[in-house]
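K.L.:
structure of the sequence below:
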Amino acid sequence: MSGEVLQDLPLDVRETLRSYLTDMTALFGPSLEAIILYGSAARGEYLPGRSNINLLLLLAKHDVGALQRYGKEHRRWSKERIVVPLFLTEEELRSSASLFPLEYLEIKEQHVLLAGRDPFPTLAIDLRNLLGQCEQEIRGNLLRLRQRFVEGAGKSETAAILLPLSLTALLPCLRGLFQVLKIPIPRMTEALLESLQPGLGVDPVTFQDVLFLKRGLISPGPLEMPRLFERYVSSLQSLIERVEQLKAQGRF
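P.N.:
Residues are numbered from 1 along each chain as shown. Sure, this is the predicted structure:
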């Protein structure tokens, strides 16, 4: 990692990533072609104790033995909030770009090369499937939210866990919709949500409240949390309806 990159990363992840890079170099050897940081840490929105560290490891080839050795180390790194990385070869990355436009677009737009060579500047992403994937992800988000709320017996504590997770999954979809509409995409989440009304005609207030919850800025009590959950579900439904309206109007 260069000094410049280190200065751009959140302070509390720097030492962890230094150790991680050393270990991955030793673990994968010459097969390791790149380590790429993406997600909240790459956007400058990492929240200590709340955010995960998302990484992509670009490999020359897949080695089951190396993956098994990584598996043995995973518990150690998960304690540092590093989730299991994406393990991809460059061939897999390029051949699947049209299948996962939302995920790869997110990484391409906001990532930090920690080691090796960066494949994303030359990665062509076919956006023809982007709208369909965005809509599918939003609808699936709503279905999973309802299911998990029931699994958690509808408790306020359950809602407090599910709402930030749902919003985290929703944000790439919002950026994807902006991309389809050719609307400038704000880098920071606050600005993205503020742009929902002028960009999509969607009221951002409830989504902003859940963002405040995610960041620990508000702590709704047992009476207010169910109301927030209900408002959020309603907002997701309104977003889906708005997407359907825009499709009918030929905006997409």
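K.L.:
residue 56 belongs to a helix, doesn't it?
P.N.:
No - Residue 56 sits outside any helix when classified using DSSP: H, G, I helix; E, B strand; the rest coil, being strand.
K.L.:
which residues touch it?
P.N.:
Going by C-beta atoms under 8 Å, 6 or more residues apart in numbering, residue 56 touches 34, 35, 36, 38, 85, 86, 88, 107, 111. C-beta coordinates here come from the backbone N, C-alpha and C atoms, glycine included.
K.L.:
which strand or helix spans the first one?
P.N.:
Read that as residue 34. Here residue 34 sits within strand 32-38, counting by DSSP states H and E.
K.L.:
what's the neighbour count on the closest residue in space to residue 83 that isn't next to it in sequence?
P.N.:
Counting by C-beta to C-beta, 6 or more residues apart in numbering, residue 52 is the residue found nearest to residue 83 once chain neighbours are left out, at 4.9 Å. When neighbours are defined as other C-beta atoms under 10 Å, residue 52 has 16 of them.
K.L.:
so residue 52 is in contact with residue 38, correct?
P.N.:
No - Residue 52 is beyond contact range of residue 38, at 11.0 Å (criterion: C-beta atoms under 8 Å).
K.L.:
so what sits against both of these two?
P.N.:
With C-beta under 8 Å, 6+ apart as the test, residue 52 and residue 38 reach no residue in common.
K.L.:
now residue 169, nearest residue through space, not along the chain?
P.N.:
Residue 169 sits nearest to residue 141 (C-beta to C-beta, 6+ apart), 5.4 Å away.
K.L.:
give me the pLDDT for that neighbour.
P.N.:
Residue 141 is assigned 98 on the pLDDT scale.
K.L.:
I'd assumed it was in a helix, is it?
P.N.:
Yes - the assignment for residue 141 by three-state DSSP puts it in a helix.
K.L.:
how about the contacts made by it?
P.N.:
166, 169, 170, 173, 236.
K.L.:
next step: the residues you listed restricted to helices.
P.N.:
Among the contacts of residue 141, DSSP state H puts 166, 169, 170, 173, 236 in helices.
K.L.:
right, and the second one touches residue 137 too?
P.N.:
To tie it back to what came earlier, the one meant is residue 169. Yes - with contact defined as C-beta under 8 Å, residue 169 reaches residue 137; the gap is 7.0 Å.
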